[in-house]
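Participant: have a look at this prediction, sequence included:
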There are 2 protein chains.
Amino acid sequence: MSATDLRGQIDLLLLSVLVAEPAHGYRVIERLRERSEGAFDLTEGTVYPALHRLERSGLLESHWSDDAPRRRRVYAVTQAGRGSLATRRRDWAAFAGAMQAVIAQ
Amino acid sequence: MSATDLRGQIDLLLLSVLVAEPAHGYRVIERLRERSEGAFDLTEGTVYPALHRLERSGLLESHWSDDAPRRRRVYAVTQAGRGSLATRRRDWAAFAGAMQAVIAQ
DNA sequence: CTTTATACCTAGTCTGTCTAGGTATGAGCG
DNA sequence: CGCTCATACCTAGACAGACTAGGTATAAAG
């Protein structure tokens, strides 16, 4: 799976990774690659704007960590983000189920 | 699931419906609604351009049916379309699997 | 001191989905 | 007959998210 078009699912992926443990952007990319066993190898140009968007809409919050050897913006899921995550999970399950129903003639 | 963003999956849905039986656009919309039990309720503005795009790229072919009471453009999956369908099915399975791996921490 | 990995950012392109219109015919009903 | 509704097609343009392709800067490794 090369550069699959993830439109609409990136938010769910990011929230899923970050609800397990707050992390900075670069780490999120690594986690996605690990958890998906290489399937999701997103570029920074995809992930950073998505993080910014999620923060703007109140689903994530961030702070600059000063203890790390290098500057990092660490993101965490807000309460609203948890609610949204639950909804998105249900939406995904419904979507995947409907896809399956259609493609498995 | 209201108007979910299906970007990237519509082709798979259309090919899946049409490989089972050639059909015209309006019928494809009905089939999708039936098979997905209402989850996929696509508008014509989504489906018609997608059918045209698939025909332009050689995955579908069409002809005007003259026996029907009203003009209909009937689409069928080409040989190339069958190949593409198989690939897209595998891609979808990989994608859904990776999604599951990420969201089920 | 050069390279590599880490870590951030964003302007602009691309493209598919959707909105919001349009045309036209057949069927059912009073 | 006229009216409405379902069928059946189409497309221009808006919209927005994913991606490309750049850029900056520091730490570590060699």
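Facilitator: Yep, it's here.

Participant: switch to C-alpha atoms for all contacts and neighbour counts from now on
Facilitator: Will do.

Participant: the top helix by length along chain A near chain B anywhere?
Facilitator: Of all segments of type helix in chain A, defined using DSSP state H, the longest is helix A:79-103. Yes. Helix A:79-103 reaches chain B (C-alpha under 8 Å from any C-alpha of the partner chain) through A:89, A:91, A:94-96, A:98-99, A:101-103.

Participant: please apply the same query to stretch A:24-43.
Facilitator: Yes. Residues of stretch A:24-43 contacting chain B under C-alpha under 8 Å from any C-alpha: A:32, A:35-37, A:39-40.

Participant: what is the rounded mean pLDDT of that stretch?
Facilitator: The average pLDDT within stretch A:24-43 is 94.

Participant: about what we covered before: tabulate the residues of helix A:79-103 next to chain B (a markdown table), appending pLDDT and neighbour count.
Facilitator: Output for those, formatted as a markdown table (pLDDT from 0 to 100; neighbours: other C-alpha atoms under 10 Å in any protein chain shown):
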| residue | pLDDT | neighbour count |
| --- | --- | --- |
| A:R89 | 94 | 18 |
| A:D91 | 92 | 16 |
| A:A94 | 92 | 15 |
| A:F95 | 93 | 19 |
| A:A96 | 94 | 16 |
| A:A98 | 93 | 20 |
| A:M99 | 94 | 23 |
| A:A101 | 95 | 15 |
| A:V102 | 95 | 22 |
| A:I103 | 94 | 21 |
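
Participant: number of residues surrounding A:A93?
Facilitator: Residues lying near A:A93 (other C-alpha atoms under 10 Å in any protein chain shown) number 14.

Participant: for DNA strand D, see how far away it is.
Facilitator: Applying C-alpha to the nearest atom of the strand, to the nearest Å, the value for A:A93 to DNA strand D is 17 Å.

Participant: ok, that residue to B:G8 distance?
Facilitator: To B:G8, A:A93 is 17 Å away according to C-alpha to C-alpha, to the nearest Å.

Participant: likewise A:W64?
Facilitator: A:W64 is 36 Å from B:G8, by C-alpha to C-alpha.
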